[in-house]
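Novice: got a sequence here, can you build the structure:
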Amino acid sequence: MRKLFFLPALLLAAPAAAQQEAATAPHVAEAIAACQAITETDDVRYDNLPPMEWDNAKRRGARSQRVFKGLYQKEGNNTLIVVANEQLEAKTCVVQAFLPDTASYVPLLQEVSQSIGMPEQQDGYSYFWTIAGHTVRVDPAGDAKRPFARFEISAIPQESAE
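Specialist: Numbers count the residues shown, from 1 in each chain. All right, here's what the predicted structure looks like:
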């Protein structure tokens, strides 16, 4: 599995991610739906995540909790949503779905496809969907010790969606 160095938030995600267990397909589908709900062609409305029960990710220490801005988690869901500066500039939302091992990447995508439909395109290990006015791209990320699937969601401009 190739490594992707895509944003500083990944470095921030490590402490919160270390507490994460492997994501399931329903977790991923729920996080993708949340990203679709907040991602528009001209803005990412991350302030709409808390009403959907996605709160800033926290790392629990011995005496305190550290809040990670731009990283969101939901109780009972083992994915993370990333809306850091890079996503705000690109008008995208990212879902990090942690995997037990690198061999679990394709099986997870097969299970997710049962919820969101079959991908429309493949380029190497990247897969692409068009869902309700949004594009979804997934790539393998992380490393052999802590692999994850990186789903990037962006809105399709209205004239392109028609």
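
Novice: and the strands in this protein?
Specialist: 55-60, 65-74, 77-82, 92-98, 121-123, 126-131, 134-142, 147-155 (DSSP state E).

Novice: and the first one, what does it pack onto?
Specialist: Strand 55-60 makes packing contacts with helix 8-17, strand 65-74 when contacts are defined by 3 or more C-beta pairs under 8 Å, 6 or more residues apart in numbering; DSSP states H and E. (C-beta placed from N, C-alpha, C; glycine too.)

Novice: name the strands paired with the last one and say parallel or antiparallel.
Specialist: Right, strand 65-74. Note on strand 65-74: by DSSP bridges, its sheet partners are strand 55-60 (antiparallel), strand 77-82 (antiparallel).

Novice: show me where the chain dips below the pLDDT cut-off.
Specialist: For the chain, residues meeting the criterion pLDDT under 70 lie at 1-20, 60-64, 159-162.

Novice: centroid-nearest residue for it?
Specialist: Val95 (0.4 Å; C-alpha atoms, centre = their mean).

Novice: re the thing from before, so which of the strands paired with strand 65-74 gets nearest Glu21?
Specialist: strand 77-82 (5.0 Å; C-beta to C-beta).

Novice: between strand 147-155 and that closest one, find me the angle.
Specialist: Taking axes from the mean of the first three to the mean of the last three C-alpha atoms, to 10 degrees, strand 77-82 and strand 147-155 form an angle of 60 degrees between their directions.

Novice: quick one: residues contacting the spatially closest residue to Trp129 that is not a sequence neighbour.
Specialist: Leaving aside its sequence neighbours, Trp129 sits nearest to Val136 (C-beta to C-beta, 6 or more residues apart in numbering; 4.3 Å). Going by C-beta atoms under 8 Å, 6 or more residues apart in numbering, Val136 touches 32, 116, 128-130, 151-153.
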